[in-house]
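1. here is a sequence together with a model predicted from it:
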Amino acid sequence: MLSEEGYDVHTASNGFSAMRQATELRPDVILLDLVLPERSGPEVLNELRTNVATRDAAVVVVSGHPDGLSDAQIADIDGLVVKPFDERDLLLTVHRAVQRAASRRAEVAPVAAGAHHPQSARAHRATNTSHTRWR
C-alpha cells in the first residue's frame, strides 16, 4: 500500500534489524509495531529518539495495544494507528507524521543559557575590522 503511494518501503523482522536499517537508511518515516521479536517496540522507539541518525525521523506506532506506551513515549511519536486500521487512516497519519517531522527539523533549536557559540567568520570580521574610507 505504501509502495503504491510512492514510498520506498523496507521491512525488518525484529527490533535489532529495525534499528540497523533505520541508522543506515535514515528514512523519513518509520512505522513501528510495539510487539517485536528480540527487542520491544518501546525500546526501539527510545533508541530512535536518542540516536543522532534517526532522532528526526517521523515515527508512527502501529499497534493493537498502544496502552503499552508511556506518556513520554506518546510525546515522542508523530502518529498512532490502532490495529485493525483503515488504509486511508494509515495513509493520512503517515502523511501528517512526515509533515510534523519536517516542521520539527525546520525549527531553530533554542540557544542554551551560557552556551558559547562562535560568531560566523563574516560577523567576526565585521566586529573586529576597522573601517577606512577611501577618498
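-> Okay, I see it.

2. what is the neighbour count of the nearest residue to residue 12 once chain neighbours are set aside?
-> Spatial nearest neighbour of residue 12, chain neighbours left out: residue 18 (3.8 Å); criterion: C-beta to C-beta, 6 or more residues apart in numbering. The C-beta positions use only the backbone N, C-alpha and C, and glycine is treated the same way. Using other C-beta atoms under 10 Å, residue 18 has 24 neighbouring residues.

3. phi, psi of residue 18?
-> Torsion angles at residue 18 (phi, psi; degrees, to the nearest 10) stand at phi -60, psi -50.

4. that one touches residue 33, doesn't it?
-> No - the criterion here is C-beta atoms under 8 Å, and residue 18 misses it with residue 33 at 9.3 Å.

5. longest helix of this structure?
-> Counting residues, the longest helix found in the chain (DSSP state H) is helix 87-106.

6. how about the CA coordinates for that helix, as PDB?
-> Provided in PDB are the C-alpha atoms of helix 87-106 (Å, rounded to 0.1, in the frame of the first residue of the first chain):
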ATOM      1  CA  GLU A  87      -5.900   2.100   4.900                       C
ATOM      2  CA  ARG A  88      -7.000   5.700   4.400                       C
ATOM      3  CA  ASP A  89      -6.400   6.400   8.100                       C
ATOM      4  CA  LEU A  90      -2.900   4.900   7.900                       C
ATOM      5  CA  LEU A  91      -2.000   6.900   4.800                       C
ATOM      6  CA  LEU A  92      -3.300  10.100   6.400                       C
ATOM      7  CA  THR A  93      -1.500   9.500   9.600                       C
ATOM      8  CA  VAL A  94       1.800   8.800   7.800                       C
ATOM      9  CA  HIS A  95       1.400  11.900   5.700                       C
ATOM     10  CA  ARG A  96       0.800  14.100   8.800                       C
ATOM     11  CA  ALA A  97       3.700  12.500  10.600                       C
ATOM     12  CA  VAL A  98       6.100  13.300   7.800                       C
ATOM     13  CA  GLN A  99       4.900  16.900   7.800                       C
ATOM     14  CA  ARG A 100       5.200  17.100  11.600                       C
ATOM     15  CA  ALA A 101       8.800  15.800  11.500                       C
ATOM     16  CA  ALA A 102       9.700  18.200   8.700                       C
ATOM     17  CA  SER A 103       8.300  21.100  10.700                       C
ATOM     18  CA  ARG A 104      10.300  19.900  13.700                       C
ATOM     19  CA  ARG A 105      13.500  19.700  11.700                       C
ATOM     20  CA  ALA A 106      12.900  23.200  10.400                       C
END
